[in-house]
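Q: have a look; sequence and predicted model below, questions after that.
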Amino acid sequence: MKTGSFRIGPLSFRASLLFFSGLFLFVIFLSGCTSGRVKADQELFGENYEQAIPLYEEQIKNNTASIHTRNRLGFAYLKTENYKQAMRQFETVLRLLPDDPYATLYLGIACLKTGDLDKPLALWQQYKNKKVKPVVKAIEGLITFLRIMKNHKIARNVADQESELQFPVPAYNTFAVLNYEDLTVDGDLKSFRKGLSALIITYLSKIRSIKVIERIYLKSLIQELDFGQSGAVDPETAPRIGMLLGVENLVAGSLSGDIIATTSVISSSRRKVRASMANEVTKEEFYMLPILIVRDIVKALGIKLSAAEQAETEMPKTKNYKAFLYFGQALAAIDAGDWQTAQNLFEKALAEDPEFDLARIERDLCPDIEMPRIEEIRTESVQQISETVEKVVDKIVASQPEIEGNAKTSTTNENSTSSSNGTTSDNIIDNPEENMNVIEGVEEDIPKEKNTIEFEW
């Protein structure tokens, strides 16, 4: 044999022939798979969902762990109103790749289509993938919306069955804070009162020995009962709300003069005022008013505070009066379901005071501007509302290619299960019977309060 020459023996030749033949067949197979998926995608993008379904099903036979294919098959099933099949595909994706944003969003939509509010709420509350920020923002807004919607339905049931329900004596350490009534001649403190109630809730929630009902739950019940604010703060009528909520202590009051607050703590079970106090502040020191009110409540009821709790309940949230008024106006817009106005007002509050964290949190939790308003929530079914929610999710996915890009990237390692880099969310109610949850507007990076309660029956 000459140096540099190469000679193939009979066995080597046959082995090489088999190898290259196998490689050729494999390439043809891959080409067929790729062309099949391209054709399926073309049908999907053309909204020919019925034609896309069998093509994706054929692809799954060749690769059962394909995140991309299962997501799009689930989407096609969703658009053809085959919700159980859609849920099956998205659930499989989430077993393969927990917190996949595409599957998380659309599994929730499929559940809503069946009239289920609880499953999408729990699903979205557990979402921990923080890589795609628009998805995080969208899911936070969806959670807020579903919680408002669920609470209105619970409140409506309670209101309808009020005469038949037996109410146990509420726990002594439970609190709800009503909106203060504006008694000024020109309604000068109308915006102020919403923000004041919200901050009292925030400060009370820092006290571990008591439990505070969330503002949105209280508001929902008042709306369903068609309770006027003046009736809600009357010591004779306020206990009705307390008993319906399962809350013993109702904090109610009025605003007058420049900034003078008269506050009462009303017992729901005894139907009488437990404590009263009056506080006056200047406009320049408005931020001290909720701090003084909470301080007086604590003193009057003999509540013991740790050094840490005392520090937390005396820390101003903002010292900018204009920012605080915008904040109160934004909360009023939230209560009316005017999401666009609410977001704009939260932005104005932050423009006045960029350090106003509570306004930033509430802004981030605000539902999408195209979500249904409160009147629609009160009158339409879950299935009817789901049509609008689906359109909002479609818009979000279409505007953020990286949402499905997460799934496409995962196809390079589809046989492995990915885990999120996020931490466990404290927004999940592990035991609904305990009726416990965090205060509204607390984001993941901020320690959660364990002493606030949702409105559950």
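A: Nice, I can see it.

Q: now do the contacts for the residue positioned nearest the centre of the chain.
A: Closest residue to the average C-alpha location of the chain: residue 143 at 2.2 Å, with C-alpha atoms, centre = their mean. Neighbouring residues of residue 143 by C-beta atoms under 8 Å, 6 or more residues apart in numbering: 121, 124, 125, 365, 427. For the C-beta atoms, the positions are set from N, CA and C on the backbone; glycine is no exception.

Q: quick one: which of these is nearest residue 151?
A: Ranked by distance to residue 151 (C-beta to C-beta), the contacts of residue 143 are led by residue 121 at 10.9 Å.

Q: who touches the closest one in this structure?
A: By C-beta under 8 Å, 6+ apart, the neighbours of residue 121 are 143, 146, 147, 150.

Q: which element is it on?
A: Using DSSP states H and E, residue 121 sits in helix 118-125.

Q: in that helix, what counts as buried?
A: Buried residues in helix 118-125, counted by 16 or more other C-beta atoms under 10 Å: 120, 121, 122, 123, 124, 125.

Q: what's the first helix or strand after the one helix or strand in the chain whose mean pLDDT sits lowest?
A: Every helix and strand of the chain was ranked by mean pLDDT, DSSP states H and E. The lowest is helix 229-232, at a mean of 44. Per DSSP H and E, helix 229-232 leads on to helix 238-245 as the next helix or strand towards the C-terminus.

Q: who's in contact with that following helix?
A: Outside helix 238-245, the residues that touch it by C-beta under 8 Å, 6+ apart are 158-159, 162, 167, 170, 176, 178, 213, 217-218, 221-222, 225, 227, 232, 248-250, 252, 266-269, 271, 455.

Q: can you tell me which of these are in strands?
A: If you go by DSSP state E, those have 176, 213, 249, 250, 252, 266, 267 in strands.

Q: and the closest residue in space to residue 263 that isn't next to it in sequence, how many neighbours?
A: Once flanking residues are discounted, residue 263 sits nearest to residue 253: 3.9 Å by C-beta to C-beta, 6 or more residues apart in numbering. By other C-beta atoms under 10 Å, the residues close to residue 253 number 24.

Q: same check on residue 214?
A: Neighbours of residue 214 under the rule other C-beta under 10 Å: 23.

Q: that one and residue 298: what is the separation?
A: Residue 214 sits 20 Å away from residue 298, taking C-beta to C-beta, to the nearest Å as the criterion.

Q: kindly export the strand or helix carrying residue 296 (C-alpha atoms) in PDB.
A: Per DSSP H and E: residue 296 is located in helix 288-301. Output in PDB follows, covering the C-alpha atoms of helix 288-301 (Å, rounded to 0.1, in the frame of the first residue of the first chain):
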ATOM      1  CA  MET A 288     -49.600  60.900  59.300                       C
ATOM      2  CA  LEU A 289     -53.400  60.400  59.400                       C
ATOM      3  CA  PRO A 290     -53.600  56.600  58.700                       C
ATOM      4  CA  ILE A 291     -50.600  56.200  61.000                       C
ATOM      5  CA  LEU A 292     -52.400  58.000  63.900                       C
ATOM      6  CA  ILE A 293     -55.700  56.200  63.300                       C
ATOM      7  CA  VAL A 294     -54.000  52.800  63.400                       C
ATOM      8  CA  ARG A 295     -52.000  53.800  66.500                       C
ATOM      9  CA  ASP A 296     -55.300  54.800  68.300                       C
ATOM     10  CA  ILE A 297     -57.100  51.600  67.200                       C
ATOM     11  CA  VAL A 298     -54.200  49.500  68.600                       C
ATOM     12  CA  LYS A 299     -54.300  51.500  71.900                       C
ATOM     13  CA  ALA A 300     -58.000  51.400  72.300                       C
ATOM     14  CA  LEU A 301     -58.300  47.700  71.700                       C
END
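
Q: quick check: closest non-adjacent residue to residue 340.
A: residue 369 (4.1 Å).

Q: just checking, the one you found touches residue 338?
A: No - between residue 369 and residue 338 there is no contact under C-beta atoms under 8 Å: 9.1 Å.

Q: who has more neighbours out of the two?
A: Taking neighbours as other C-beta under 10 Å, residue 369 and residue 338 compare with residue 338 leading, 17 against 14.

Q: in contact with the more buried one, which residues are there?
A: Counted by C-beta under 8 Å, 6+ apart, residue 338 has contacts residue 373.

Q: and it, how close does it get to residue 323?
A: From residue 338 to residue 323 the distance is 19 Å (C-beta to C-beta).

Q: over to residue 124?
A: Distance from residue 124 to residue 323, by C-beta to C-beta: 30 Å.

Q: what of residue 44?
A: 47 Å.

Q: of those two, who's got more company?
A: Using other C-beta under 10 Å as the criterion, residue 44 and residue 323 rank with residue 323 on top: 23 against 20.

Q: element containing that one, please.
A: In this structure, residue 323 sits in helix 321-336 according to DSSP H and E.

Q: and that helix, which residues are buried?
A: 321, 323-335.

Q: same check, this time on stretch 258-277
A: So, applying 16+ other C-beta under 10 Å, buried residues of stretch 258-277: 259, 260, 261, 262, 263, 264, 265, 266, 267, 268, 275, 277.

Q: what would the residues you listed look like in JSON lines with pLDDT?
A: Below are the buried residues of stretch 258-277 laid out as JSON lines (pLDDT from 0 to 100):
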{"residue": "259", "pLDDT": "94"}
{"residue": "260", "pLDDT": "96"}
{"residue": "261", "pLDDT": "96"}
{"residue": "262", "pLDDT": "95"}
{"residue": "263", "pLDDT": "96"}
{"residue": "264", "pLDDT": "94"}
{"residue": "265", "pLDDT": "95"}
{"residue": "266", "pLDDT": "93"}
{"residue": "267", "pLDDT": "93"}
{"residue": "268", "pLDDT": "91"}
{"residue": "275", "pLDDT": "95"}
{"residue": "277", "pLDDT": "96"}
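
Q: domains of the protein?
A: The record's domain parsing of the chain by automatic domain parsing lists 39-166+380-414, 174-365.

Q: model confidence over the first one, on average?
A: What that stands for is domain 39-166+380-414. If you average the pLDDT over domain 39-166+380-414, you get 88.

Q: not counting its neighbours along the chain, what's nearest residue 342?
A: Leaving aside its sequence neighbours, residue 342 sits nearest to residue 333 (C-beta to C-beta, 6+ apart; 3.8 Å).

Q: I meant to write residue 169 there.
A: In this structure, residue 169 finds its nearest non-sequential neighbour in residue 269, 4.8 Å apart by C-beta to C-beta, 6+ apart.

Q: so the one you found makes contact with residue 170?
A: Yes - judged on C-beta under 8 Å, residue 269 makes contact with residue 170 at a distance of 6.3 Å.

Q: mutual contacts of the two, please.
A: 242, 243, 248.
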